[in-house]
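>>> Got a predicted structure here, sequence first:
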Amino acid sequence: MYKDNSLIPSEAVRLAALGLLAKRPRVYAELARDIRHFTARIVGPSLDLLGPSLELLKIEGLIEATGPQAPHDTQTVRLTKDGEAELQRLMNANLRGPMGEVNKLIVALKLHFLDLLTPEQRRQQLEMLMEVCDRELIRLNDLRDHHTDTDSAMLPWLDHEIEEVQGRREWFQKLWEAV
């Protein structure tokens, strides 16, 4: 975790693994496949997201095998109490701005596992997501205000970016209101 309590890229993979197991126990190979699929569809292939192996989560006591011993990739694994606590820590981490690829992945994971939080924790996470949008809007509007070259293609692009962030913020607001 960074000093500002935001997740480093490899912790996004950790969040994905623990969140998926909080939903239900999974076969080890299925868990690895689901993590790769989800992360690759959000950010594409990324060396930053290789992260710790699932085996490390076992060593740390965050996940455990269930049932009789089976070949490694066919073992069913589940979350432990320590894993639940780590999931809560990761879910409550801050986001760094602006909205880059890794932050998009972390937002997608937080939204995917939002139902694992209490209503108050959900509202807090959604408030944080709205604040990230607010900071991004300030940054983009400041940049736009300093570039008045009407012949430049940058202004329409900035307008598009601003509109996209405003739409995202409104969407988070609606989710917050529904909690």
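Arrived safely, thanks for sending. Numbering: from 1, shown residues only.

>>> Outline the domain layout of the protein.
1-97, 118-179 (automatic domain parsing).

>>> helix, strand or coil for the residue nearest the centre of the chain?
In the chain, the residue lying closest to the centroid (C-alpha atoms, centre = their mean) is I106, at 1.6 Å. Following DSSP: H, G, I helix; E, B strand; the rest coil, I106 is assigned to helix.

>>> all helices of this structure, in order?
Using DSSP state H, the helices of the chain run over 9-23, 28-43, 54-59, 81-91, 101-112, 119-145, 154-178.

>>> just so I know, which of those helices lies nearest Q69?
Closest to Q69 of those is helix 28-43 (C-beta to C-beta; 12.3 Å). (C-beta placed from N, C-alpha, C; glycine too.)

>>> ends of stretch 95-115, how far apart?
19 Å (C-alpha to C-alpha, to the nearest Å).

>>> Show me where this structure dips below the pLDDT cut-off.
Low-confidence segments of the chain (pLDDT under 70): 1-3, 46-52, 70-73, 97-99, 150.

>>> tell me the residue furthest from the middle of it?
Furthest out from the centre of the chain (C-alpha atoms, centre = their mean) sits D151, at 37.7 Å.

>>> how near is it to T80?
To T80, D151 is 60 Å away according to C-beta to C-beta, to the nearest Å.

>>> P9 now?
24 Å.

>>> give me every residue that touches the closest residue to A93 other than its chain neighbours.
Spatially, and ignoring its direct neighbours in sequence, A93 is nearest to L7 (4.8 Å; C-beta to C-beta, 6 or more residues apart in numbering). L7 makes contact with 1, 15, 90, 93, 106, according to C-beta atoms under 8 Å, 6 or more residues apart in numbering.

>>> can you pull the contacts of the third one?
Shown in contact with L90 (C-beta under 8 Å, 6+ apart): 7, 11, 14-15, 18.

>>> let's see it at 6 Å
Applying C-beta atoms under 6 Å, 6 or more residues apart in numbering, we find L90 in contact with L15.

>>> now it: how far from R169?
From L90 over to R169 the distance is 23 Å, taken as C-beta to C-beta.

>>> do the second one as well
Plainly put, L15 is 23 Å away from R169 if you go by C-beta to C-beta.

>>> Many thanks, we can stop here.
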